[in-house]
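Colleague: predicted structure and sequence below. I'll ask about it afterward.
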Amino acid sequence: MLAMLQSVLGGGIRAGTPILYATLGEVISERAGVVNLGVEGGILVGACAGFITTAHTQNPMLGIAAAALAGGLAGLVHAFMVVTLRSNQIASGLALMFLCLGVTSFVGRPYVAVKINAVPQASVPGLSRLPLVGTVLFTHDVLVYGAYLLAPLIWLLLFHTKWGLALRAVGERPAVAYASGLPTSLIQYGAVVSGGVLSGIAGAHLSLAYARSWVEGMSNGRGFIAVALVIFATWHPLRSVVGAVVFGAVFALQLQIQARGVALSPYFLDMTPYLLTLVGLLLMGRARRHAMPEGLRAVFEGVT
């Protein structure tokens, strides 16, 4: 039982890593007043670009860089549509997601069975030998450690720097921020592209470290979970860590249950992470209304 618990918790941290990267990116974007439902597409292009680059170079670090670039370009497309052209944010994000799904399915088809030099695990000396928590917390790849260090860094930048204050001001009242002399469009571009970069890195972890393969549509709804998790975490980076680990643990638990041959429908087990998403949104309904950046209300009410 203890071994299974350690396996689920360790697996939850690994499975939650791509969700956390995508969630942190969406927190930045939505704090600037831009919703990006194309996160799923950003994860896909990151996973595909990272895998293809690694397959040709056998250098996973180059693959991660390519994934970040691909995700950033996807974010740039969305930013151009909604910031410059003032398109509907919901429609633009969904169109971007379907575009990325089609492009990656076509481009990635020859790489489905290709073997790569995946991102290796790196145990933390000393800490990885601690009883009970050593293998759970300190035996992962560098992208896992990076994600859980990035969350407090983004919290610090958002709430304790002049840049974060400017970004949040744009997300709350764009007109007031513009009247105060802030370059609102530039700030929103930076936020959305940064979110795209993190979505691309999420995809890199998925294909280069977690699955270590490329499969069409391998994001499997993680982008939408990330968007929901932003609301669940009330637009706060540190709360996103808790949510990502919980959702990752659910993914890991259902795999453990299936591997042990428990008599439960695999279709029911597959839907549990998304069921948990809905439950979380229902429970956080009142809190999210108070925490939502003012600039997002127009988006959700269909004004933009």
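Modeller: Right, received. Where do you want to start? Numbers count the residues shown, from 1 in each chain.
Colleague: give me the pLDDT for the residue in the chain sticking out farthest from the centre.
Modeller: In the chain, counting by Cα atoms, centre = their mean, residue 179 sits farthest out from the average C-alpha position, at 32.8 Å. With respect to pLDDT, residue 179 scores 90.
Colleague: quick check: it vs residue 294, distance?
Modeller: Residue 179 sits 15 Å away from residue 294, going by Cβ to Cβ, to the nearest Å. Quick note: C-beta positions are derived from backbone N, CA and C, even for glycine.
Colleague: again with residue 155
Modeller: 20 Å.
Colleague: between those two, which one's more packed in?
Modeller: Each of residue 155 and residue 294 has its neighbours counted (other Cβ atoms under 10 Å); residue 155 has more, 19 against 12.
Colleague: what sits against that one?
Modeller: 236, 237, 238 (Cβ atoms under 8 Å, 6 or more residues apart in numbering).
Colleague: mind redoing it with 10 Å?
Modeller: Neighbour list for residue 155: 24, 27, 164, 236, 237, 238, 239, 240, 241 [criterion: Cβ atoms under 10 Å, 6 or more residues apart in numbering].
Colleague: quick check, pLDDT for the last one.
Modeller: The one in question is residue 241. 94.
Colleague: which residues touch the residue nearest to it when sequence neighbours are not counted?
Modeller: In space, and not counting its chain neighbours, residue 241 is closest to residue 151: 4.9 Å by Cβ to Cβ, 6 or more residues apart in numbering. Contacts for residue 151 were tallied using Cβ under 10 Å, 6+ apart; they are 20-21, 23-24, 27, 236-242, 244.
Colleague: name the SS class of residue 151, please.
Modeller: helix (DSSP: H, G, I helix; E, B strand; the rest coil).
Colleague: numbering from 23 from now on, please.
Modeller: Shifting the count to begin at 23 puts that one at residue 173.
Colleague: ok, it to residue 117 distance?
Modeller: The gap separating residue 173 from residue 117 is 30 Å, by Cβ to Cβ.
Colleague: for residue 184, same thing?
Modeller: Residue 184 sits 35 Å away from residue 117, taking Cβ to Cβ as the criterion.
Colleague: can you check residue 98 too?
Modeller: For residue 98, the distance to residue 117 equals 15 Å [Cβ to Cβ].
Colleague: where exactly do the strands run in the stretch 73-222 of the chain?
Modeller: In the stretch 73-222 of the chain, the strands defined using DSSP state E, counting those that start in this stretch lie at 143-145, 161-163.
Colleague: next, residue 286: secondary structure please.
Modeller: Residue 286 is classified as coil under three-state DSSP.
Colleague: may I ask which helix or strand encompasses the closest residue to it other than its chain neighbours?
Modeller: Leaving aside its chain neighbours, residue 286 sits nearest to residue 279 (6.3 Å; criterion: Cβ to Cβ, 6+ apart). Assigned by DSSP states H and E, residue 279 falls within helix 259-281.
Colleague: show me what counts as buried in that helix.
Modeller: Buried residues in helix 259-281, defined by neighbour count with 16 or more other Cβ atoms under 10 Å: 259, 261-276, 278-279.
Colleague: which residues touch the residue nearest to residue 235 when sequence neighbours are not counted?
Modeller: For residue 235, ignoring the flanking residues on the chain, the nearest one in space by Cβ to Cβ, 6+ apart is residue 229 at 6.8 Å. The contact partners of residue 229, by Cβ under 10 Å, 6+ apart, come to 40, 65-66, 68-74, 76, 82, 85, 89, 130, 133, 138, 140-141, 235-237, 240-241.
Colleague: local confidence estimate at residue 229?
Modeller: For residue 229, the pLDDT comes out at 97.
Colleague: repeat for residue 155
Modeller: At residue 155, the model reports a pLDDT of 84.
Colleague: isn't it right up against residue 28?
Modeller: Yes - if you go by Cβ atoms under 10 Å, residue 155 and residue 28 touch, sitting 8.6 Å apart.
Colleague: alpha carbons of stretch 160-175, as CSV, please.
Modeller: C-alpha atoms of stretch 160-175 as CSV (Å, rounded to 0.1, in the frame of the first residue of the first chain):
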residue,chain,number,x,y,z
PHE,A,160,13.8,14.2,-5.6
THR,A,161,14.0,11.7,-8.4
HIS,A,162,12.7,13.5,-11.5
ASP,A,163,13.9,15.2,-14.7
VAL,A,164,15.1,18.8,-14.9
LEU,A,165,11.8,20.0,-16.3
VAL,A,166,9.9,18.8,-13.2
TYR,A,167,12.2,20.7,-10.9
GLY,A,168,12.0,23.7,-13.2
ALA,A,169,8.2,23.8,-13.1
TYR,A,170,8.0,23.7,-9.3
LEU,A,171,10.7,26.4,-8.9
LEU,A,172,9.0,28.5,-11.6
ALA,A,173,5.7,28.8,-9.7
PRO,A,174,7.2,30.9,-6.8
LEU,A,175,9.2,32.9,-9.2
